[in-house]
Every structure is written in structure tokens, then in C-alpha cells.
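> just the structure for this:
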Amino acid sequence: MMLKGRATPPATAAYASRFPELPGNFRPVLGLSVSSIGIGTYLGDPDDETDRAYEEAIKASLRGGINLIDTAVNYRFQRSERSIGKAIGELAAQGEIAREQLIVATKGGYITFDGGVPANPRAWFEDHYVKTGIVAPTDLVDGSHCMTPKYIGTMLELSRKNLNLETIDIYYIHNPETQLEAVERREFLARMATIFEFLEGAVADGKIGVYGTATWNGYRAAQTERGWLSLDELIRIAREVGGDTHHFRAIQLPYNLAMPEAITRSNQIVQGGKATTLAAAKALGVAVAASATLLQGQLSRRLPPIVADAFSGFATDAQRSIQFTRSTPGVDVALVGMKSVDHVRDTLETARKPPATLEELMRLFQHGDEP
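Take a look at the predicted model:
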């Protein structure tokens, strides 16, 4: 039986009050109290050992002051979602956590197998997606991406089942800019309107709380690039579909010491003027989750001395990288992939210190250096 409910302001505030030792860790996002660090579940082998490791890492996160979990239906071929569902279910059954205290985000858009790569992937895809009428061959882009209401609807139901949640708090369309590799912008925007209409219906049905777009290149690209996404344009579509009370309320994009475009590139247009993605999101009332905080571990070691100078008092480069991302104005939550309890403990050491001040952040740019 699926866990009922979704994150609520009173419940998340009650959760935040349990962690006075984490100053500045919780901030208002979408009307909720959300931890400045979220646990990501992208990396890892699709095996039982990794499942168990993720389950324990998720439990340690929720027990330690992290109440946002990020995943996608295709991460580890659905196994990450299932690990999350199992961990939440066990803590809820034990009375350690309430469903309403957690923010769970997932994504749909990529074709996924079930638990691992089948012996004959093409035949499996034909049997499970094409012959069932879920995907038409013409629906696929780049051989792996599909953005039709029927497919997204199927993935949403799969995610609800995997997570064992009646309502998913944030549902992202996964890398929608992939579609721009195959279709012109006008057709792309028409497809987005169709998907937004479907997602507004999913909100009305209580299957999701809000929706958005989780991207890799879209919000970092220059306006001249084919895969560029306009946040203002997407908001206008959402308003046309859902009115002023539409539920397009969240975006996700990479932002870290090596990929700072969200704050350094003015590639968005808001009210006729240029703005960075972070500034545009704030102006438009959209929450921002920063992915790839550690860039799959590449920013957890051997950082230049200027980073240690800017963020003194931290024991590791990983902690400094997390501090940079979670402290940047406009970033609501920094996502950190964690599949071990030790990694969770190390990450939570960052949350024991307040977010960096703007002055501390600006030290990274002294002497003409960039992060």
C-alpha cells in the first residue's frame, strides 16, 4: 500500500526544528522547510549490494538532517527509486519519519530497463514499449528519449510504484532539451505544452505536487545554441496551460566550481532584460536544485588553494565544494550523490557550519581567478 500524503509546511518545519546543530541548513522552498543539501542517487552498479548501500545512506541522511531525496526512474534501471521506497517505508513504519516531512523528486523522459540490462535490449524494448503501444518508433529521440503524455504517464505510475508514494513532491521532465536535437523549436514548445497539460492533470489527481525540468545543458547553454532553454518561455507555456496558479515551480541544472554558468552566464531574458538562470528563476518564482555538486567526485579532491582560502574550517575539498554550491544566492538545494553512510556523515559536516557569506564566495574571484 502506497504511503499517502506529501511534504507539508508544518511537517517539514517540525523536521527542521530537530536539527539545531545545523545552522542555516533549512531554507524556505516552495513553502516548505528544505535542507540545503539533498541526497542524489544517480551513480552505482545495478546490483543488490548497491541497493543496500543506498538504503542505508538514505536512512542516515533522513536521520541526520537531509530531507530532500532526488532520483529518476532510469537511475540504475529503477533500482534507485526502489531503494528509496524501501528506506522511507522502513523509517515510516518505525515512526522515525513522517511522509509529510520529506521532499521526494524524480524524473521521467529516458527509456529505462527493469533492474538491469536484458540479454536482448532491442527485443525487450519492442516487447515492453512498442508492442504495448506505450511508445511509437517515431516518438523516440536519440534512440533513448521520449516525451509524450502516454510515455511520461507510464513512467510516472512506475515511479509512484517504485517509490511506494501516492504523491511525488516534484516531478521533472528529464533533459527535455534532448528533443531539440530532432525537432524545431516550435514543435518542441508544442510538445512541452502537451506535457505541461498532462502534468497539471497529474497535480489535480494528487499524483504529484509540482513539476519542472531537470536539465544538463539547457539552462547553461548560450541563446545561440540549439539546445538552449528559455525559462521565461516555459513559464509562459505553463501559464497558458494552467493559468496563473500553474504548477511549473522547479528546475534542476548542474552548478558547481567547474560549471558555474548558472551564475556567470546571462543567457535568460526576464522582463525584457538579460539575466542569469539563477536570477531568472528567482524573478519567476521557480525553485532551483543544483545537480553535480561534486561532479561525480571530480571536485572532492585536489582543488586549488584559493578554494581552501575562501572556505576555511572545512576538512575536505568535498565539503568546500558543497559549501560553494549550497551558499550561492539563488541555489535552494545542492544535490550530492551519496551511496554510503560514511559519505553522508562527511557531507553533514558541511551543514554544521552556516552557509558562506557573499564576501567569502567572492574570495574565489580575487586576483582574477575563477573557480
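
> only C-alpha atoms from now on, for both contacts and neighbour counts.
OK.

> do a quick rundown of the helices in this protein.
Using DSSP state H, the helices of the chain run over residues 9-16, 48-64, 79-93, 121-125, 149-163, 185-204, 231-242, 261-264, 277-284, 305-310, 317-327, 341-351, 358-362.

> and residue 273, bridged to which residues?
residue 270 (DSSP bridges).

> neighbours of it, how many?
Residue crowding around residue 273 was assessed by other CA atoms under 10 Å; the count is 9.

> same check, this time on residue 1
Burial of residue 1, expressed as a neighbour count using other CA under 10 Å, amounts to 7.

> quick check: closest non-adjacent residue to it.
Leaving out its chain neighbours, the residue that sits closest to residue 1 by CA to CA, 6 or more residues apart in numbering is residue 164, at 7.3 Å.

> that neighbour and residue 302: what is the separation?
Counting by CA to CA, to the nearest Å, the separation of residue 164 from residue 302 is 40 Å.

> looking at those two, which is more packed in?
Higher neighbour count among residue 164 and residue 302: residue 164, with 21 against 10, using other CA under 10 Å.

> OK, contacts around that one?
1-3, 85-86, 89 (CA atoms under 8 Å, 6 or more residues apart in numbering).

> how does it look with 10 Å?
For residue 164, the set of contacting residues under the criterion of CA atoms under 10 Å, 6 or more residues apart in numbering consists of 1-4, 81-82, 84-86, 88-89, 158.

> what's the answer for residue 179, then?
Residue 179 makes contacts with 139-142, 145-147, 185, 187-188, 191-192, 227, as judged by CA under 10 Å, 6+ apart.

> would you convert the residues you listed into JSON lines that also reports neighbour count?
Listed next are these as JSON lines, based on neighbours: other CA atoms under 10 Å:
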{"residue": "139", "neighbour count": "15"}
{"residue": "140", "neighbour count": "17"}
{"residue": "141", "neighbour count": "17"}
{"residue": "142", "neighbour count": "10"}
{"residue": "145", "neighbour count": "20"}
{"residue": "146", "neighbour count": "25"}
{"residue": "147", "neighbour count": "26"}
{"residue": "185", "neighbour count": "17"}
{"residue": "187", "neighbour count": "13"}
{"residue": "188", "neighbour count": "19"}
{"residue": "191", "neighbour count": "18"}
{"residue": "192", "neighbour count": "21"}
{"residue": "227", "neighbour count": "22"}
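
> let me have those residues in CSV, extended by pLDDT and distance to residue 179.
Conversion of the contacts of residue 179 to CSV gives the following (pLDDT from 0 to 100; distance: CA to CA, whole Å):
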residue, pLDDT, distance to residue 179
139, 94, 10
140, 95, 9
141, 95, 6
142, 91, 8
145, 97, 8
146, 97, 8
147, 97, 8
185, 96, 9
187, 97, 9
188, 97, 7
191, 97, 9
192, 98, 10
227, 97, 8
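
> and those as JSON lines, adding distance to residue 220?
Supplementary listing: these in JSON lines, determined by distance: CA to CA, whole Å:
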{"residue": "139", "distance to residue 220": "26"}
{"residue": "140", "distance to residue 220": "24"}
{"residue": "141", "distance to residue 220": "21"}
{"residue": "142", "distance to residue 220": "21"}
{"residue": "145", "distance to residue 220": "20"}
{"residue": "146", "distance to residue 220": "22"}
{"residue": "147", "distance to residue 220": "21"}
{"residue": "185", "distance to residue 220": "17"}
{"residue": "187", "distance to residue 220": "21"}
{"residue": "188", "distance to residue 220": "18"}
{"residue": "191", "distance to residue 220": "21"}
{"residue": "192", "distance to residue 220": "19"}
{"residue": "227", "distance to residue 220": "9"}
